[in-house]
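J.: Coordinates for the following, if possible.
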Amino acid sequence: MTIELLEHERIDDLQRNGYRIIQNEKKFCFGMDAVLLSGFARAERQEEVLDLGTGTGIIPILMEAKTDGKHFSALEIQKDMAEMAGRSVALNNLEDKITIVAGDIKEASKIFGKASFDVVTCNPPYMNQNHGLKNPDEPKAIARHEILCTFRDVAREAAALLRTGGRFYLVHRPHRLAEIICTLKEYHLEPKRMKYVHPYEDEEANMVLIEAFRGGRPQMRVEAPIIVYERPGVYTPEIYEIYGY
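T.: Model prediction:
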């Protein structure tokens, strides 16, 4: 299939099922956090999945390749990013498995309907008004900073979108972990599984992956951490496996 590329766009090989993705180097390209989330999250046969703030569409595309989920929907507020993600879906002939919708996370439960999904995923903006300098480039700033939505918005909508017993998967920064867990529990999303990500074995974690159940009972398992690098420039075997190399 021939897909039109716009200025500054490129096609990258995802090393999974022959899938490729369109990215715009002047806007926002997906990072390791999204790939790690796609490997941490699970979707069983016949389950409906929604990715909030999908950006390039990387998470639904990778999850379609890695899991048995029935259908993957994705919501993105930036219309040009949503359009680009839609072209990536078409590039991989996945129109029957993945649907990209342009819309606001804060309105997600109105757009899709309450209790409509078995699984919700999100790689949300990590920084609030107290953390970090905002990128002067608006698409990157929206992806990284809580400009158009807060984590509370994400948790509220994920809870509304999930069926009872449904699962919410997210990746975030450890420095906000106490706030994240308190907010999840406020919206009856019970953290059940957590995994830290460390750049090197002897360095502190810089990411955390969390699975929370809608209406689950309190009991959380902290799994063995992910170590990204064996040494500078060399990934650990686990990272190569997650990426599919």
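J.: Name the surrounding residues that touch the longest helix seen in the chain.
T.: Longest helix in the chain, counting residues (DSSP state H): helix 79-91. By C-beta atoms under 8 Å, 6 or more residues apart in numbering, the residues outside helix 79-91 that reach it are 1, 3-4, 6, 9, 11, 20-24, 27-28, 54-57, 61, 74, 76, 95, 98-102, 139. All C-beta atoms are positioned from the backbone trio N, CA, C, and that covers glycine.
J.: Report the buried residues of that helix.
T.: 81, 82, 84, 85, 86, 87, 88, 89, 91 (16 or more other C-beta atoms under 10 Å).
J.: can you give me the strands for this protein?
T.: For the chain, the strands defined by DSSP state E cover 9-13, 20-24, 48-52, 71-76, 98-102, 117-122, 162-172, 189-198, 207-214, 221-222, 226-227, 229-231, 234-235.
J.: Show me what the fifth one is packed up against.
T.: By that I understand strand 98-102. Counting contacts by 3 or more C-beta pairs under 8 Å, 6 or more residues apart in numbering; DSSP states H and E, strand 98-102 is packed against helix 58-66, strand 71-76, helix 79-91.
J.: out of those, nearest to residue 46?
T.: strand 71-76 (9.4 Å; C-beta to C-beta).
J.: Give the partner strands of the closest one in its sheet and their orientations.
T.: Applying DSSP bridges, strand 71-76 is found paired with strand 48-52 (parallel), strand 98-102 (parallel).
J.: quick check: angle from the first one to helix 58-66?
T.: Counting by axes from the mean of the first three to the mean of the last three C-alpha atoms, to 10 degrees, strand 48-52 lies at 150 degrees to helix 58-66.
J.: Also the last one?
T.: Here strand 98-102 runs at an angle of 170 degrees relative to helix 58-66 (the same axes, to 10 degrees).
J.: angle of strand 98-102 against helix 79-91?
T.: For strand 98-102 against helix 79-91, the angle by the same axes, to 10 degrees is 170 degrees.
J.: Run through who's touching strand 98-102.
T.: 54, 57, 60-61, 64, 71-79, 82-83, 85-86, 89, 111-112.
J.: hang on, isn't residue 3 packed against residue 20?
T.: No: using C-beta atoms under 8 Å as the test, residue 3 is too far from residue 20 to be in contact (9.3 Å).
J.: residues shared between the contacts of these two?
T.: With C-beta under 8 Å, 6+ apart as the test, residue 3 and residue 20 both reach 11, 91.
J.: between the two, which one's more packed in?
T.: Taking neighbours as other C-beta atoms under 10 Å, residue 3 and residue 20 compare with residue 20 leading, 17 against 13.
J.: Now for the residue lying closest to the more buried one once chain neighbours are set aside: which residues touch it?
T.: Of all residues not flanking residue 20 in the chain, residue 11 sits nearest, at 5.1 Å (C-beta to C-beta, 6 or more residues apart in numbering). Residue 11 is in contact with 3, 5, 20, 21, 22, 23, 91, counting by C-beta under 8 Å, 6+ apart.
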